[in-house]
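# Sequence plus predicted model, see below.
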Amino acid sequence: MITCYLNYVIDPYKLKEFEHYSKLWIPLVNKFGGQHHGYFLPSEGANNIAMALFTFPGFAEYEQYRMDSYNDPECVAAFKYAEDTRCIISYERSFFRPLFE
């Protein structure tokens, strides 16, 4: 199992746009066999940092999702929405393996 952690720097004046973008991706990750754990939007503290967490059974399944997402019309539309609105300034992606015991 692999969990992807996305750390976003967002435009705080485009929070509504980023929230819409986030809502687009949750079902898309699930559609490709992942389990989305949600987006976490600014509340207290920094107003330009957001994050997301989602899990795939393994890194190979995550890589397949990444390749397939570039050809999926809904994913392409979500990528374009972020580009058009410029709600995301930058992001970094890290991977973790959960430990339950």
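Noted; the coordinates are in hand. Predicted, not measured: the structure shown is a model, and the values here were computed from it.

# and the most centrally placed residue in the chain, what element?
Nearest to the mean C-alpha position of the chain, by Cα atoms, centre = their mean, lies Ala52 at 5.2 Å. Assessed by DSSP states H and E, Ala52 sits inside strand 49-56.

# in that strand, what's buried?
50, 52, 54-56 (16 or more other Cβ atoms under 10 Å). The way it works is simple: take the backbone N, C-alpha and C, and place the C-beta from them, glycine included.

# then the lengthiest helix in the chain to PDB, C-alphas only?
The longest helix of the chain (DSSP state H) is helix 15-31. What follows is helix 15-31 as a C-alpha-only set of coordinates in PDB (Å, rounded to 0.1, in the frame of the first residue of the first chain):
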ATOM      1  CA  LEU A  15      -9.700  29.300  -2.600                       C
ATOM      2  CA  LYS A  16     -13.200  28.800  -4.100                       C
ATOM      3  CA  GLU A  17     -11.600  27.700  -7.400                       C
ATOM      4  CA  PHE A  18      -9.200  25.300  -5.600                       C
ATOM      5  CA  GLU A  19     -12.100  23.800  -3.700                       C
ATOM      6  CA  HIS A  20     -13.900  23.100  -7.000                       C
ATOM      7  CA  TYR A  21     -10.700  21.600  -8.400                       C
ATOM      8  CA  SER A  22     -10.400  19.400  -5.300                       C
ATOM      9  CA  LYS A  23     -14.000  18.100  -5.600                       C
ATOM     10  CA  LEU A  24     -13.300  17.200  -9.200                       C
ATOM     11  CA  TRP A  25     -10.300  14.900  -8.300                       C
ATOM     12  CA  ILE A  26     -11.800  12.900  -5.400                       C
ATOM     13  CA  PRO A  27     -14.100  10.800  -7.500                       C
ATOM     14  CA  LEU A  28     -11.400  10.500 -10.300                       C
ATOM     15  CA  VAL A  29      -8.800   8.900  -8.000                       C
ATOM     16  CA  ASN A  30     -11.500   6.500  -6.800                       C
ATOM     17  CA  LYS A  31     -12.500   5.800 -10.400                       C
END
